[in-house]
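Chemist: Just need the structure, nothing else, for what follows:
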Amino acid sequence: DQRRTDKIYAVIQELAADQPEFRAGDIASFLRDRGQPVAVWEIRGELSKLETAGLLTNDPITSAWKLSDEPSRQVG
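Modeler: Predicted structure coming up:
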């Protein structure tokens, strides 16, 4: 659902302002702290969608994600 993707991307942008790299658990904690829990497996799926859209990159060694330097598309 596009709303969930947009919500996760908004959280990522907020997290990235404080830390350039993040993991699915960071997003889950952020949302849980705000009373909006989302399962980590769902977040991982959204991260993959955002990576396919060119908005995120993943380091396969550390499993850390970060915003893409040059996003190819916008969410939504």
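
Chemist: now the closest residue to Phe30 other than its chain neighbours, what's its secondary structure?
Modeler: Distance criterion Cβ to Cβ, 6 or more residues apart in numbering; nearest residue to Phe30, sequence neighbours excluded, is Val11 at 5.5 Å. The C-beta positions use only the backbone N, C-alpha and C, and glycine is treated the same way. Classification of Val11 using DSSP: H, G, I helix; E, B strand; the rest coil returns helix.

Chemist: what's Val11 in contact with, if anything?
Modeler: Applying Cβ atoms under 8 Å, 6 or more residues apart in numbering to Val11 gives the contacts Ile27, Phe30, Leu31.

Chemist: top of those residues by neighbour count?
Modeler: Counting neighbours by other Cβ atoms under 10 Å, Ile27 comes out on top of the contacts of Val11 with 24 neighbours.

Chemist: what sits against that one?
Modeler: Ile8, Val11, Ile12, Leu15, Val38, Ile43.

Chemist: quick one on the thing from earlier: and the contacts of Val11 as a markdown table, adding pLDDT, distance to Leu56 and secondary structure?
Modeler: As requested, the contacts of Val11 are exported to a markdown table (pLDDT from 0 to 100; distance: Cβ to Cβ, whole Å; DSSP: H, G, I helix; E, B strand; the rest coil):
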| residue | pLDDT | distance to Leu56 | secondary structure |
| --- | --- | --- | --- |
| Ile27 | 97 | 11 | helix |
| Phe30 | 97 | 16 | helix |
| Leu31 | 97 | 17 | helix |
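
Chemist: where does the residue nearest to Phe30 land on pLDDT?
Modeler: On the pLDDT scale, Val11 is placed at 97.

Chemist: related to what we said a few turns ago, the contacts of Ile27: which two are farthest apart?
Modeler: The two members of the contacts of Ile27 with the most space between them (Cβ to Cβ) are Leu15 and Val38, at 13.8 Å.
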